[in-house]
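Asker: below are the sequence and a predicted model for it; my questions follow.
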Amino acid sequence: MFQRKKILIKSVYALLDSAVVNLLGLLTVIYFARVLPKAEFGVLTIALCVNILGITFCDLSVGQALIHYGTGDNKRNLSKTLFNSIVLKILCFILIVFSISIFAYIISTFFNNALLAKVLMLVLVLIFFTFFYNSCLQTLNVKEKIHKMFYTDLIWLLTLICGVYLVHSYDLISNASSAIIFLILIRCAALFFAVIFVSNEVCVKSFFRLDKTLLKKLSLYARYSFTNSLGVFIFSKTDIFMLGFMLNNTYVAFYASALVVTNIFKFLNEPATLIVLPMISKLHHQKTANLNKIIRRVFLTTGLTSLSVSIPIAVFLLVFPEYFLHLLYGPKYTECTALVRLFAIWGLILPFYRCSATIFNGIGFPQINARYTWFGGIFNVILNLPLIYYFRANGAATASIATSIALLLLFLHTLKKRFHIFKPASCVLSTSLKAEM
């Protein structure tokens, strides 16, 4: 009973932390979209996509390795693993600095914006402080201090709100560069509190110990993790880069302002992911006899429950997209109604797509996720080329919807063929009729 209560409390904190992180992203996009000119907001969006790519390379993949090898009750082992993971992150960061320093001018020419090179150099500073902040969160994750993770991210959110109030009062945000500098200062303040929270979880005496064998293990694990994360990045961010290249930064701003809709649907589906993954993983490790039936029931129940929550939001966005845009941005982005409607349709696909991907992770086949994600990324790039050319930003959104549908069909086909978890419709109907009789 006590164990169940602990799990419930951790789940609640995990959900609250997810809400805080999603709210952070939402508030950041809304504020900068309101105060920056459209072209500058487009430049900022591209720069933040480069920031995500840098974090994916030098932080997320290594961070997952830290969580994997730092587990256990041994504080010394965690301290040593944390130090070696930070060393590996710094080495990866040096590669990123070298790459962006060389290609910054080429990238700015690629997007036809000379100021982008300066913004990208500032992004390097943001990446540096971000991976230190994330290292603190990953350490708390290893120690299962989910409540401290929530408090840390909540302080970050409160710092952002206070910072927005100050800079807005003095009208300090006027371009993409000043926006990045603002984000760097907010990240530094959040990092200060994160270090305080994590200081009691590590052993200082065992911290500064470089272990070549551990470094090799971390880098090997991070390599496979990065492969999957890069596929996700290509699938989810390639449309923004292609809009900037094929059209201009204003279209990127239009797309980013409507893309906020996807964050709402992702948050609505987060509780299902938090529940399904540990449950399916536990049943799989226990080699439950009727696992296929359980997975079928979980898939349908979770998907339909999430869909029932998503449908009212989608209907509202389909019927009143102008009101939604005016609520967030004022009269600035009212021309993006078609984009909002398209992303509302995407939100109805998401529940079953995310549930399918979560099931594959739970039953021990993450490589299927990685393979299909890479396929989705390549397929999305191919679709974007003609669709952006003919339909501009609406074409990019249509490509994302088509790719999500294709991936969902692949997941469903594999679940049915490999694990036989879906019965034909006639069998389901006959079973339900018998139950009623």
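Answerer: Noted; the coordinates are in hand. Numbering: from 1, shown residues only.
Asker: when you work out contacts or count neighbours from here on, use the C-alpha atoms and nothing else.
Answerer: OK.
Asker: so where's the stretch 101-250 of the chain shaky on pLDDT?
Answerer: Where the stretch 101-250 of the chain drops to pLDDT under 70, the residues are 224-225.
Asker: same thing but 80
Answerer: Across the stretch 101-250 of the chain, the ranges flagged by pLDDT under 80 are 144, 203-206, 221, 223-229.
Asker: okay, now the domains of the protein?
Answerer: According to automatic domain parsing, the chain comprises the domains 9-246, 258-429.
Asker: now the first one: how far from the chain's centre is it?
Answerer: In this case it means domain 9-246. Averaged C-alpha coordinates place domain 9-246 at 11 Å from its chain's average position (C-alpha atoms, centre = their mean, to the nearest Å).
Asker: repeat for the last one
Answerer: Counting by C-alpha atoms, centre = their mean, domain 258-429 is centred 14 Å from the centre of its parent chain.
Asker: out of the domains of the chain, nearest to residue 252?
Answerer: Nearest to residue 252, of all these, is domain 9-246, at 4.9 Å by C-alpha to C-alpha.
Asker: helix or strand right after the helix or strand hosting residue 304?
Answerer: Assigned by DSSP states H and E, residue 304 belongs to helix 291-319. Remark: after helix 291-319, the chain's next helix or strand is helix 321-329, criterion DSSP H and E.
Asker: as a whole number, average confidence for that next one?
Answerer: Averaging pLDDT along helix 321-329 gives 94.
Asker: JSON lines for the domains of the chain, including distance to residue 252 and mean neighbour count?
Answerer: Converted to JSON lines, the domains of the chain look like this (distance: least, C-alpha to C-alpha, whole Å; neighbours: other C-alpha atoms under 10 Å):
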{"stretch": "domain 9-246", "distance to residue 252": "5", "mean neighbour count": "19"}
{"stretch": "domain 258-429", "distance to residue 252": "8", "mean neighbour count": "18"}
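Asker: how much space separates residue 8 from residue 14?
Answerer: For residue 8, the distance to residue 14 (C-alpha to C-alpha, to the nearest Å) stands at 10 Å.
Asker: sorry, that was for residue 347
Answerer: 22 Å.
Asker: what does residue 226 give?
Answerer: 24 Å.
Asker: residue 298 now?
Answerer: To residue 14, residue 298 is 21 Å away according to C-alpha to C-alpha.
Asker: any idea how far residue 349 is from residue 204?
Answerer: 48 Å.
Asker: so residue 173, which state does it fall into?
Answerer: With DSSP: H, G, I helix; E, B strand; the rest coil as the basis, residue 173 sits in coil.
Asker: name the nearest residue to it, ignoring sequence neighbours.
Answerer: Counting by C-alpha to C-alpha, 6 or more residues apart in numbering, residue 179 is the residue found nearest to residue 173 once chain neighbours are left out, at 5.9 Å.
Asker: who does the one helix or strand that neighbour maps to touch, helix- and strand-wise?
Answerer: Assessed by DSSP H and E, residue 179 sits inside helix 176-198. Under the contact criterion of 3 or more C-alpha pairs under 8 Å, 6 or more residues apart in numbering; DSSP states H and E, helix 176-198 touches helix 38-55, helix 116-142, helix 146-169.
Asker: residue 183 contacts residue 126, doesn't it?
Answerer: Yes. If you go by C-alpha atoms under 8 Å, residue 183 and residue 126 touch, sitting 7.3 Å apart.
Asker: contacting residues for the residue nearest to residue 173?
Answerer: Taking C-alpha atoms under 8 Å, 6 or more residues apart in numbering, we find residue 179 in contact with 32, 44, 173.
Asker: go on, residue 201?
Answerer: Residue 201 neighbours (C-alpha under 8 Å, 6+ apart): 75, 139-140, 143.
Asker: how close does it get to residue 190?
Answerer: In terms of C-alpha to C-alpha, residue 201 sits 18 Å off from residue 190.
Asker: again, but for residue 177
Answerer: Residue 177 is 20 Å from residue 190, by C-alpha to C-alpha.
Asker: checking the residue nearest to residue 328 when sequence neighbours are not counted next. Helix, strand or coil?
Answerer: Excluding the flanking residues, the one nearest residue 328 by C-alpha to C-alpha, 6+ apart is residue 30, at 6.3 Å. Here residue 30 is helix, with the state taken from three-state DSSP.
Asker: which SSE is the residue lying closest to residue 342 once chain neighbours are set aside in?
Answerer: Among residues not flanking residue 342 along the chain, residue 397 sits closest, at 6.5 Å (C-alpha to C-alpha, 6+ apart). Assessed by DSSP H and E, residue 397 sits inside helix 366-419.
Asker: report all helices and strands that that helix contacts.
Answerer: helix 212-246, helix 249-285, helix 337-362.
Asker: pLDDT on it, on average?
Answerer: Helix 366-419 comes out with an average pLDDT of 90.
Asker: adjust the sequence numbering to begin at 500 for everything that follows.
Answerer: Got it, first residue is 500 now, which makes that one helix 865-918.
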